[in-house]
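> sharing a sequence plus its predicted fold:
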Amino acid sequence: MASRGGGRGRGRGQLTFSMEAVGIGKGDALPPPTLQPSPLFPPLEFHPVPLPSGEEGEYVLALKQELRGAMRQLPYFIRPAVPKRDVERYSDKYQMSGPIDNAIDWNPDWRRLPRELKIRVRKLQKERTTILLPKRPPKTTEDKDETIQKLETLEKKEEEVTSEEDEEKEEEEEKEEEEEEEYDEEEHEEVKGTSFHSQAPFLPRISSGDLNFRRLEGQRR
Amino acid sequence: MTQAEIKLCSLLLQEHFGEIVEKIGVHLIRTGSQPLRVIAHDTGTSLDQVKKALCVLIQHNLVIYQVHKRGVVEYEAQCSRVLRMLRYPRYIYTAKTLYSDTGELIVEELLLNGKMAMSAVVKKVADRLTETMEDGKTMDYAEVSNTFVRLADTHFVQRCPLVPATENSDPGPPPPAPTLVISEKDMYLVPKLSLIGKGKRRRSSDEDATGEPKAKRPKHTTDNKEPIPDDGIYWQANLDRFHQHFRDQGIVSAVANRMDQFTFQTQTSSEIVRTMLRMSEITTSSSAPFTQPLSSNEIFRSLPVGYNISKQVLDQYLTLLADDPLEFVGKSGDSGGGMYVINLHKALGSLATATLESVIQERFGSRCARIFRLVLQKKHLEQKQVEDFAMIPAKEAKDMLYKMLSENFISLQEIPKTPDHAPSRTFYLYTVNILSAARMLLHRCYKSVANLIERRQFETKENKRLLEKSQRVEAIIASMQATGAEEAQLQEIEEMITAPERQQLETLKRNVNKLDACEIQVVETIFLLESYIESTVKRQ
């Protein structure tokens, strides 16, 4: 099969080097040809050295597992939003399934981050005030002017208030329990029924982000 | 970034921060620096999610941002920093050995939160320590502050770059992103805070007893918000300093293994080397090839108290260390009783070589290891020479050489005799290139860690149902014990988990522990190899 040196491409089975140089002499038994890919877990000739045991090893091991668990509980662990179910259910209103409208659970120092990264929850409130105004025309003109003025002054006041308290409110809310939210909701629902009662049908039933606005409303009064 | 590294980063991010952060992080690692909208478009996630993920990543120093022209902010991920997350347990354990539980908790809080203000850290750590103490005792803030100051003095924690203070006369709109700066001398400066207080124990009975109506609580918390005295000054763990410490530990244990086996004295040579390293901690930068020269007199004065060896004995030890073929310690002069340096670069090289040898020995056997050491020592050897020097029969020697060659531990160097490189007229010499072998081994280590993590996740997922059941049962038992249930009832609840299920849980626990321990081992090897490669690359 192997010719000595010479034959470049002449004849089949002729190699460009001598087999003896590589070390396979004539008549030596070559290993059998491999007809399949190597096994996934080949048998080990030499067993691995045992892992270090002892106080230090066990402590570090326990620490590692504890860290893993702890990091899952921190607010930095972002869970993907629960997919919306087919039909809106009553319990959705009372079960906080995630942070309010993509707000962050923790408070980064916004001065250190690029401005574009700041997510504002105030979007909701702005949307609400724009929905309100078009509905004003059905009322009498006097009422309309009065209420528009009232709205504007209150909006201004609210902006001052919310820019400071916005994040604090978010923070507090996350810490409260469900029961408390339910309680507040009910309380405010009863207290409502003043000039803003026509808002009730327009309240977007998104999530407990509404509570933010409602509590502020309560304070306004 | 190699595929193995990217895979490992992806697993780490997913385990610690969830899938959304993982998707964004891996995309940034793969594609380099990108602005916000492009990230959102390419990964197909909503803008809000991307913003959240970026906030988390920036908080943990895994992503940095830069303002380019026209106000575009680009974000870049740091793959090597993500891989450091593997070593968090080791950092925390080191802090524990050096500064006890307080130090351990400080470093843990800083690592888990990325960056924090000093007052926040002190408060949290004091609370956590108070939880573990006996009833009635609380942890004082002053003690925690002291430990924090000590950590800062030894450079284990450092300040994060600060937002530059803008003067009011700054014209124009504020920039889209702040450029953070920090000067060398400010990095370890602890602000003068007077933190007075004690840790609070989180007792649920206390809160019920106050009897405040729940609706009033929001107002109560807002009243407590005083301006933090060190607002804007954030601290982070200084990973380089920890790496320096690990490297020193590695060198000291290497010297101990080599020199102190046969002496009757308790590890004198390693103590000497440790003293020398300690003296050079602050004076030598971490990437220097060798430490500043230290005179024998200085070393004698700095030996730990209670180590009474005479000056002559110290000199003898130093000479012995300097003459050792491993060349950890070198003599650089004769003034002051002899000036000695520690060759950091050579030490790292020896450690990396020892790792390679050990890997070959455990994978292929001790005869292979002998051949490897031989080729390492003689630099270039022909096949015939290998057989002769190693005193191993030709066939086996060939077999071993080819096995190592196929795994890329050994490489071939061709030396042609004729210009046409005819194979029959070329010398083929075997040689070992430590740098490339180390890189290859490092790559394999990354792959193994990724495999270990995946297998652990697989095992946990397989038995998820069982794990949840056992957790529920434990919760039930705990609550029943709190309300004082009888032994018989507890017994009944415990029997909800059948014996074969218990067996399965035991096996699962054992497997997960084993996989975790393996991971820790491989991570140590990764550290050695990475340090060596970094040190070599810097020298070139």
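Received the coordinates, thanks.

> so where is the chain shaky, pLDDT-wise?
Using chain A. Residues of chain A that meet the criterion pLDDT under 70 lie in A:1-29, A:82-85, A:92, A:95-104, A:120-143, A:160-221.

> let me rephrase: I mean chain B.
In chain B (pLDDT under 70), the answer is B:165-178, B:193-196, B:198-230, B:262-266.

> OK, contacts around the residue positioned nearest the centre of it?
Note on chain B: the residue nearest the mean C-alpha position is B:Arg87, at 3.1 Å, using CA atoms, centre = their mean. Neighbouring residues of B:Arg87 by CB atoms under 8 Å, 6 or more residues apart in numbering or on different chains: B:Phe242, B:Val523, B:Phe527. (Each C-beta comes from the backbone N, C-alpha and C, glycine too.)

> isn't the last one right up against B:His245?
No: taking CB atoms under 8 Å as the definition, B:Phe527 is not a contact partner of B:His245, at 11.2 Å.

> so the residue nearest to the centre of chain B sits in a helix?
Yes: assigned with DSSP: H, G, I helix; E, B strand; the rest coil, B:Arg87 falls within a helix.

> burial check on B:Val313, number of neighbours?
Counted with other CB atoms under 10 Å in any protein chain shown, the neighbours of B:Val313 add up to 12.

> same thing with B:Gly197?
Neighbour tally, B:Gly197, other CB under 10 Å: 14.

> give me the nearest residue to it, chain neighbours excluded.
B:Tyr141 (4.7 Å; CB to CB, 6 or more residues apart in numbering or on different chains).

> measure the one you found to B:Thr130 for me?
Here the distance between B:Tyr141 and B:Thr130 works out to 11 Å (CB to CB, to the nearest Å).

> who has more neighbours out of the two?
A count of neighbours by other CB under 10 Å puts B:Tyr141 above the other of B:Tyr141 and B:Thr130, at 20 against 17.

> that one contacts B:Lys124, doesn't it?
No: look at B:Tyr141 against B:Lys124 with CB under 8 Å: they stay out of range, at 10.9 Å.

> and B:Met133, how far is that from B:Ala126?
10 Å.

> give the residues shared as contacts by the two.
Residues touching both B:Met133 and B:Ala126 (CB under 8 Å, 6+ apart) are B:Met139.

> still on that earlier bit, ok, the contacts of B:Arg87 vs chain A, which is closest?
Comparing these against chain A with CB to the nearest CB places B:Val523 closest, at 9.8 Å.

> can you give me the buried ones in stretch B:89-109?
If you call a residue buried by 16 or more other CB atoms under 10 Å in any protein chain shown, then stretch B:89-109 has these buried ones: B:89-96, B:99, B:102-109.

> keep the residues you listed, but drop any that are not near chain A.
For chain A, the contacts drawn from the buried residues of stretch B:89-109 by CB under 8 Å from any CB of the partner chain are B:Pro89, B:Arg90, B:Ile92, B:Tyr93, B:Glu108.

> so what's residue 36 up against?
Assuming you mean chain A. Contacts of A:Gln36 (CB under 8 Å, 6+ apart): none.

> chain B, not that one
Taking CB under 8 Å, 6+ apart, we find B:Leu36 in contact with A:Glu116, A:Leu117, B:Leu47, B:Val50, B:Lys51, B:Leu54, B:Val73, B:Tyr75.
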